[in-house]
Structures are given as C-alpha cells and as structure tokens.
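Student: just the structure for this:
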Amino acid sequence: MLFFRYLDRLDNDPLAALIFFGALVTALVVGISFHEFSHAYVADSMGDSLPRSRGRVTLNPLAHLDPAGTIFLFLVGFGWGKPVPVNPNVSNNPKAMMAIVAGAGPVSNFLVAALAGLPLQLGLVPWLSPFNFAVLDRFLFVGFGFDEYLGLYLSAIVLISIILGVFNLLPIFPLDGHRVIPAFLNDAAARDYMRFQSRYGFIILIALIALPFLTGGQFGLLFDVMSPIINVLARLFAGIDEDVFG
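Tutor: Numbers count the residues shown, from 1 in each chain. Here you go, the predicted model:
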C-alpha cells in the first residue's frame, strides 16, 4: 500500500516525509475540494438552492473532505469527498440535470490537472511522479533543487486530479458516473438501473477495491481499467512521454 511503502523509505528522514506527504496533501485538498465545489456550484447555477443551504458552494476544504475517502486515497491511490446534496426535481429534466451536476466533478479534476500541467508541458519544471519510488530515492540520496520541489508538487496535483476524475467517472454507486448513465436511458430503464445501483453498487465497489488485497495483488480490476486512461491523460496534461503506471 502506498502509505506503508512511503514509511519504509522515510522512517529515518522526517524532512523527506514532510515534503513528499505535503505534496500529496496539497494535491488531495485541491482535487477533492474543487471537485465537490463544482458539483455544488453547477447545481446552484441550475436553480437548486440545496447545496448552498448546506454550505457546499465554497472552496473551503473542511466542507468537502471525507475521512474515509481521504484515507483510501493515501492507501490505494484513489478516494472521494463528501457527497453534495442535490435536488434535481427543480429542473424540467431531472435526469439531465443530475448527469450535468455529476459530470461537473470529474471535469473539474481534469481542468485542475490541465492547469497544473502547463508548467510541466512548457518544460519550466520537471515531471516527478510521487508514485515513482525512484524519484523518492533520488530525493533521499541526491536532493532536490527548487524547480524539482515545484515539479513534485505540480506532478502530484496533476496525477491525483486525474485519478480522482477517472475513478469518479466509474458507473458504480456512489461514484459520479452512476448518475450520468440514466440520462441516456428511458425512464423505465433508468429506474431499473438506479434500483440495481442502490442495492448492489456499493457492494460491488467495495469488492473491487478489496480484490487486490484479498488476492495478494494478483487481481486488480479497478487498476486494470483505470491505469491506461490515467496514463493517456497524464501524457496529455503533463506532456510526458512515459506511462505513470505500467
């Protein structure tokens, strides 16, 4: 698991731990806060006053971070924030509104990744993935300059934003993707789909998350599905010519 792999290398170097975990925390706070704010902002702009009444139309991280989602991000590389309450019945087309509001979160993550990736694309700072332990070892034994510190922070923001966006687009309850699918179904099919998701979606998601741990890393369907997409988006947003995950 990511957290323990870091600890193995950083237990004798508190400064290194502070810098690397600082990069991940920054990326986490930016990614999740802007993601949930985007849900709330889009719903609010479409006439739904519920998110504003619950204090969610804000960039304040304390309004958006979910403890379990934060822990999962550090342990397995993806996570989530507190769901934004939405009332799609204020719209003449609730399914379409719900899909737009749900899609706003992942789109916001990709926007953050694109903006943070600009200095990387322009070659102003180097790409230094926080998930590449060769980068960590290089820091421990050689050291970083200022441009490398900045490259690490921006690389972490790009990568974690992409992971959050891709993960939340999966069509499984309670992720955003499951709210997008009904917009493309007729009413009867949409009801059946949402009924299935409400009953089994969360169980399926937990099973998929647990699968690599239960099989000693032999089977990781979520990772297998997500990693090629993450690699493509990382190449696009950061201008790199290598895969983040092999």
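
Student: right, and Ile172 touches His178 too?
Tutor: Yes: in this structure Ile172 lies within contact range of His178 using C-beta atoms under 8 Å: 5.7 Å. To be clear about C-beta, it is placed using only N, CA and C from the backbone, and glycine gets the same treatment.

Student: which neighbours do the two share?
Tutor: Residues touching both Ile172 and His178 (C-beta atoms under 8 Å, 6 or more residues apart in numbering): 197, 201.

Student: ok, how many other residues are close to the closest residue in space to Pro88 that isn't next to it in sequence?
Tutor: Leaving aside its sequence neighbours, Pro88 sits nearest to Pro94 (C-beta to C-beta, 6 or more residues apart in numbering; 3.8 Å). As a burial measure, Pro94 scores 16 neighbours (other C-beta atoms under 10 Å).

Student: does Pro94 touch Val86 like I think?
Tutor: No: checked against C-beta under 8 Å, the pair Pro94 and Val86 is beyond contact range at 9.8 Å.

Student: Ala63 versus Arg52, what's the distance?
Tutor: 11 Å (C-beta to C-beta, to the nearest Å).

Student: ok, these two, which is more surrounded?
Tutor: Using other C-beta under 10 Å, the more surrounded residue of Arg52 and Ala63 is Ala63, with 18 against 14.

Student: residues in contact with the more buried one?
Tutor: By C-beta under 8 Å, 6+ apart, the contact set of Ala63 is 33, 36, 55-56, 82.

Student: just the pLDDT for the residue nearest to Pro88.
Tutor: With respect to pLDDT, Pro94 scores 94.

Student: spatially central residue in this structure, please.
Tutor: Leu164 (1.1 Å; C-alpha atoms, centre = their mean).

Student: once you drop chain neighbours, what's closest to Arg52?
Tutor: Arg52's closest residue in space is Asp44 (C-beta to C-beta, 6+ apart), at 5.3 Å.

Student: OK, contacts around the one you found?
Tutor: 51-52, 57.

Student: can you tell me which of the contacts of Ala63 is nearest Asp147?
Tutor: Checking the contacts of Ala63 against Asp147 with C-beta to C-beta, the nearest one is Ser33 at 26.3 Å.

Student: my read: the closest one touches Arg56, true?
Tutor: No: assessed by C-beta under 8 Å, Ser33 is found out of contact with Arg56, at 10.6 Å.

Student: lovely, talk soon.
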